[in-house]
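# Here's my sequence, what's the structure:
(3 chains)
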Amino acid sequence: MMEKMIFGRYIPGDSFVHKLDPRSKLIFVFVFIAIVFIANNAVTYALLLAFTLITVLLSRIRLYFLINGLKPILFLMLFTFLLHIFFTQEGDLLWKWQFIEIYEEGLRQGIFISIRFLVLVFITSILTLTTSPISITDGMEVLLNPFKRFKLPVHELALMMSISLRFIPTLMDETDKILKAQMARGSDISSGTIKERIKAVVPLLIPLFVSAFKRAEDLAVAMEVRGYRGGEGRTRYRQLKWDWRDTIIMVVALVLAIILWLLRS
Amino acid sequence: MKEILSLRDVTYTYTPEEADMRKAVEGISITVNDGEWIAIVGHNGSGKSTLAKLMNGLLFPESGEVRILGEPLNEENLWAIRSQMGMVFQNPDNQFVGATVQDDVAFALENNGVPFEDMVVRVYESLAQVKMDQFLNSEPHHLSGGQKQRVAIAGALAIKPKILILDEATSMLDPQGRMEVLSTVQKLREETQLTVLSITHDLEEALLADRILVMNQGKKFTEGTPEQIFQRGEELVELGLDLPFAMKMSKLMRLNGVNLQGEHMSEEELVNDLWTSNFNK
Amino acid sequence: MDIQLQQVGYAYAKGTPFEKRALFDVDLHISTGSYHAIIGHTGSGKSTLLQHLNALLKPSEGSLRIGDLTIVAGKKVKNIRPIRQQIGIVFQFPEHQLFDETVLKDIMFGPLNFGVPVEEAERRARVLVEQLGLPSEVLEKSPFDLSGGQMRRVAIAGVLAMEPSVLVLDEPTAGLDPRGRQEIMELFHKLHVEKGLTTILVTHSMEDAARYADHVAIMHEGTCVINGHPQDIFADEERLAKYRLEAPRVVRFQRKIEALIGRPLAKLCLTEEDLAIEIGHVIREERGNL
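Numbers count the residues shown, from 1 in each chain, chains lettered A, B, ... in the order given. Have a look, this model is predicted:
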């Protein structure tokens, strides 16, 4: 039972953000990532930050989960912050100690880039926290549909995605079981030389692969028996509904982009 | 009674190159009538699963004929016939395709191009029939084996099949799960006269059937009602099957000097016989 | 080897929003050489409990003593590895853990991990294959070329090859046909008797527990609610019903017989054979009285 916290895990809810169609959320995030680079001064960054915080509030996601999402890149954030602090040497000198000099521009750029990281991580986290993986797959499938004419196997990719997603928890449970069974026979991945530890992964991977192949075979038979013959002629059970909320955030994205453009220096 | 499915002298082998290897199934003839519950029992390797596959066009016989719903099964009518049959397999996880319960039940409906509005109704009705309607949005890894199998049954029911095949559907379940699945199928038969073909080595499941077919080493060993089959006693044990508790007790009691008229399938009958043959003098 | 659990509790993902309690206040004593059945519904905590027996999981509360090793919640424990060799666990569907190129190598995996010399590990493998009723040809085959039943026996051999002093069996008959089930249970019984292996059977089957165990523990909703001898535990059907359990078939039939003749039998029978013998006695008495 590995109910651990995974980066970007979906948390059900019924906030404004939860109720958005995955398509509008996907488009918004895509656009937002581009918009972020328009900002280049204090006012625009402050606006970005404020916007992000409003979105966080709207989504009613606990800050705990968003902070957790920040953890993996915290090191990177700190690193780039310090990089600017110590090496961007423009503007007024703020502080000096021996050979370390910190300039105003360095501090500004450091703060700006940190804000950029923060808003990007928060907004994409909110996407994955408020949208179930299967919704995201649905959204992407519909958005990519036009590409079918370019021979992109959209339906097959979406089906692959949705089946894979469905099996992730099952496979995790199985990994845990196999790991425990091998540990009970004295296998130890966590200690020994590098060579020993790599060898110890084999008794874990092989059973997993064997079982995965069996699953795939069984599943293919079951799907065939249930009438699956490819995407032709299939109807959709999971329907996406675009409503007023989705139109609003498209407008909001546009407005935000315009305002940032006007306020930039 | 009208025939709904039959096999006529069907033979199949997985290894046609090896002429001296025993065939998976040989010379099998079965007739299933509309509304019957037929159990196919046998030890592991007796050919029962191969039969299930032959009945659903997953395999085609090398000789003999499979007839379903009045037509011989072939490549042309395969999909049309499949849309009238439902099948539930052994591993509850390896047939669960959907992200949630309702998605999985809708899968066959989507494949058959059923319009959205109809799908919604049928998904709900099928889940209600198996008493899983409170679990519409549950994810498979939160469900027990018995629950997953019931969802699989709902998925099969959604296309309103005439025949339901259970291929060792209870083998991997715990006693509670087995009970849930069997009582679900029983109830379905009471309500809809669905034809059921169940492939199993579980005694309880076989006893629910109208007729039992016993497979051994790829051939049909015998066929009959549960009472007829279990009268064969020891022979069945050698085939790797179990005897009903009452029958086991009957035998053991006789060995210990107790008078009995016969070997009984039900405990009530046994108790009555015990009384009349030994106490009521 | 004695195993003693005192007020053991366990919660998954402790401290996160996903915390889930699996065990609380479990007191259990497994004495050396006993055959202990642990019964409980899915979700009662059986699996979590058995993973504590070889320290795959460590308790969140309480303590447990496995032989000379004591594990206390919250404290770090050294030197766990030897325990894994002494307490052999056969997990459910053990054939899923097979991985090596040949059956021989797979069976040798366990003992080799614990420093057993190659010749000795190989010897053990050969002996076990025979004891488990497998033809010696399988040793050179790939485990994936075997039938399901054979694979299971190979997996069991892999655990027995470590020569543990305690054998834990998690639903060893799951998925087997009736003959397979009987063969496996008889096999474990034989090993228990011949090698004096302390045996812990985790099962759903009241019948297996009645037939083979000398102690029965019942798990319900995360804790051990009853612990005792089969004769006492299976005699009280009301108490079992509280935990949504039934008495073994044999016991229920005995009650029907007792209702019929109007008096209890000399003892509570835990197997069909014993019950038939007792009924035979009753009949002879009856005839003697005529």
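# going forward, measure contacts and count neighbours with C-alpha atoms only.
OK.
# Show me the helices in the stretch 1-150 of chain A, by range?
Under the criterion DSSP state H, counting those that start in this stretch, the stretch 1-150 of chain A contains helices at A:22-35, A:42-59, A:63-87, A:104-130, A:133-144.
# ignore the last one, chain C
Per DSSP state H, chain C carries helices over the ranges C:46-53, C:81-86, C:103-113, C:118-131, C:148-160, C:178-195, C:206-212, C:230-235, C:237-242, C:249-261, C:272-289.
# Give me whichever of the helices of the stretch 1-150 of chain A is most buried.
Greatest average neighbour count among the helices of the stretch 1-150 of chain A goes to helix A:104-130 (a mean of 21), per mean count of other C-alpha atoms under 10 Å in any protein chain shown.
# returning to that earlier point: between the helices of the stretch 1-150 of chain A, which gets nearest to C:Glu137?
Closest to C:Glu137 of these, according to C-alpha to C-alpha: helix A:133-144, at 48.5 Å.
# from the chain's centre, how far out does the closest one sit?
14 Å (C-alpha atoms, centre = their mean, to the nearest Å).
# likewise stretch B:147-154?
Its chain's C-alpha centre and that of stretch B:147-154 lie 14 Å apart, by C-alpha atoms, centre = their mean.
# Do that stretch and chain A come into contact?
No: using C-alpha under 8 Å from any C-alpha of the partner chain, we find that stretch B:147-154 stays clear of chain A, coming within 10.1 Å at best.
# neighbours around the closest residue to C:Gly43 other than its chain neighbours, how many?
Excluding its sequence neighbours, the residue lying closest to C:Gly43 (C-alpha to C-alpha, 6 or more residues apart in numbering or on different chains) is C:Glu221, at 6.7 Å. Here the number of neighbours of C:Glu221 (other C-alpha atoms under 10 Å in any protein chain shown) works out to 18.
# Okay, the most centrally placed residue in chain C and C:Ala241: tell me how far apart.
Residue closest to the mean C-alpha point of chain C, counted by C-alpha atoms, centre = their mean, is C:Leu201 at 1.3 Å. According to C-alpha to C-alpha, to the nearest Å, C:Leu201 stands 21 Å off from C:Ala241.
# and if you look at C:Thr223?
The gap separating C:Thr223 from C:Ala241 is 17 Å, by C-alpha to C-alpha.
# and B:Met119, how many neighbours does it have?
Neighbour count of B:Met119, defined by other C-alpha under 10 Å: 23.
# tell me the average confidence for the host helix or strand of it?
Using DSSP states H and E, B:Met119 falls within helix B:116-129. Averaged across helix B:116-129, pLDDT comes to 95.
# what's near enough to touch C:His192?
Contacts for C:His192 (C-alpha atoms under 8 Å, 6 or more residues apart in numbering or on different chains) come out as C:Gly33, C:Tyr35, C:Thr198, C:Thr199.
# Per-residue pLDDT of the residue of chain A positioned farthest from its centre, please?
Within chain A, the residue lying farthest from the chain centre (C-alpha atoms, centre = their mean) is A:Gln98, at 42.6 Å. As predicted, A:Gln98 sits at a pLDDT of 78.
# Distance-wise, check B:Glu191 relative to chain A.
23 Å (C-alpha to the nearest C-alpha, to the nearest Å).
# For that residue, grab the count of nearby residues.
With other C-alpha under 10 Å as criterion, B:Glu191 counts 10.
# Okay, and it sits in which element?
helix B:175-192.
# Direction included, what does whichever helix or strand comes after that helix pair against?
Once helix B:175-192 ends, the next helix or strand along the chain (criterion: DSSP H and E) is strand B:195-200. Neighbouring strands of strand B:195-200 in its sheet, by DSSP bridges, are strand B:37-41 (parallel), strand B:163-167 (parallel).
# what angle sits between the first one and helix B:175-192?
So that's strand B:37-41. Here the directions of strand B:37-41 and helix B:175-192 differ by 150 degrees (axes from the mean of the first three to the mean of the last three C-alpha atoms, to 10 degrees).
# quick one on the thing from earlier: could you redo the helices of the stretch 1-150 of chain A as JSON lines and give each row mean pLDDT?
Output for these, formatted as JSON lines (pLDDT from 0 to 100):
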{"stretch": "helix A:22-35", "mean pLDDT": "94"}
{"stretch": "helix A:42-59", "mean pLDDT": "92"}
{"stretch": "helix A:63-87", "mean pLDDT": "86"}
{"stretch": "helix A:104-130", "mean pLDDT": "90"}
{"stretch": "helix A:133-144", "mean pLDDT": "91"}
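# looking at these, which is closest to chain B?
Among the helices of the stretch 1-150 of chain A, helix A:133-144 comes nearest to chain B, with 7.0 Å by C-alpha to the nearest C-alpha.
# Show me what counts as buried in stretch B:264-275.
Within stretch B:264-275, the residues that count as buried by 16 or more other C-alpha atoms under 10 Å in any protein chain shown are B:His264, B:Met265, B:Glu267, B:Leu270, B:Val271, B:Asp273, B:Leu274, B:Trp275.
# And for stretch B:29-39?
B:Ser29, B:Val32, B:Asn33, B:Asp34, B:Gly35, B:Glu36, B:Trp37, B:Ile38, B:Ala39.
# Now B:Phe60: closest residue in space, sequence neighbours ignored.
Nearest one to B:Phe60, counting by C-alpha to C-alpha, 6+ apart, is B:Leu54 at 5.9 Å.
# Mind giving me the packing neighbours of the host helix or strand of the one you found?
Using DSSP H and E, B:Leu54 maps to helix B:48-55. When contacts are defined as 3 or more C-alpha pairs under 8 Å, 6 or more residues apart in numbering or on different chains; DSSP states H and E, helix B:48-55 sits against strand B:163-167, strand B:195-200.
# Where does pLDDT dip in chain C?
C:290 (pLDDT under 70).
# Closest approach to chain A from it, which residue is it?
Using C-alpha to the nearest C-alpha, C:Gly110 is the residue of chain C that sits closest to chain A, at 4.7 Å.
# what does the stretch 151-281 of chain B give?
Nearest residue of the stretch 151-281 of chain B to chain A, counting by C-alpha to the nearest C-alpha: B:Ala156, 7.7 Å away.
# Just give the closest residue to that residue, not the sequence neighbours.
The spatially closest residue to B:Ala156, leaving aside those adjacent along the chain, is B:Gly86, at 4.5 Å (C-alpha to C-alpha, 6+ apart).
# A:Phe32 now?
A:Phe32 sits nearest to A:Ala253 (C-alpha to C-alpha, 6+ apart), 7.1 Å away.
# Could I get the buried residue list for the helix or strand that contains the one you found?
Assigned by DSSP H and E, A:Ala253 falls within helix A:244-263. Using 16+ other C-alpha under 10 Å as the test for burial, helix A:244-263 gives A:Asp246, A:Ile249, A:Met250, A:Ala253, A:Leu256, A:Ala257, A:Leu260.
# Could I get the phi/psi values of the residue farthest from the centre of chain A?
Main-chain torsions, A:Gln98, degrees, to the nearest 10: phi 50, psi -120.
# Would you mind measuring from it to B:Glu71?
According to C-alpha to C-alpha, A:Gln98 and B:Glu71 sit 94 Å apart.
# Check B:Lys148 too.
Taking C-alpha to C-alpha as the measure, B:Lys148 falls 33 Å from B:Glu71.
# So if I had to pick from these two, which one is more boxed in?
B:Lys148 (24 against 14).
# Please name the residues that touch the more buried one.
Residues counted as contacts of B:Lys148 (C-alpha under 8 Å, 6+ apart) are B:Pro92, B:Asp93, B:Phe96, B:Pro140.
# Do stretch B:172-180 and chain A come into contact?
No: Stretch B:172-180 is not in contact with chain A by C-alpha under 8 Å from any C-alpha; minimum separation 14.6 Å.
# Now do that stretch: distance to the chain's middle.
Relative to its chain's centre, stretch B:172-180 lies at 14 Å (C-alpha atoms, centre = their mean).
# Can you give the contact residues for that stretch?
So stretch B:172-180 is contacted by B:Gln90, B:Asn91, B:Pro92, B:Ser144, B:Gly145, B:Gly146, B:Gln147, B:Arg150, B:Thr170, C:Ala174, C:Gly175, C:His204 (C-alpha under 8 Å, 6+ apart).
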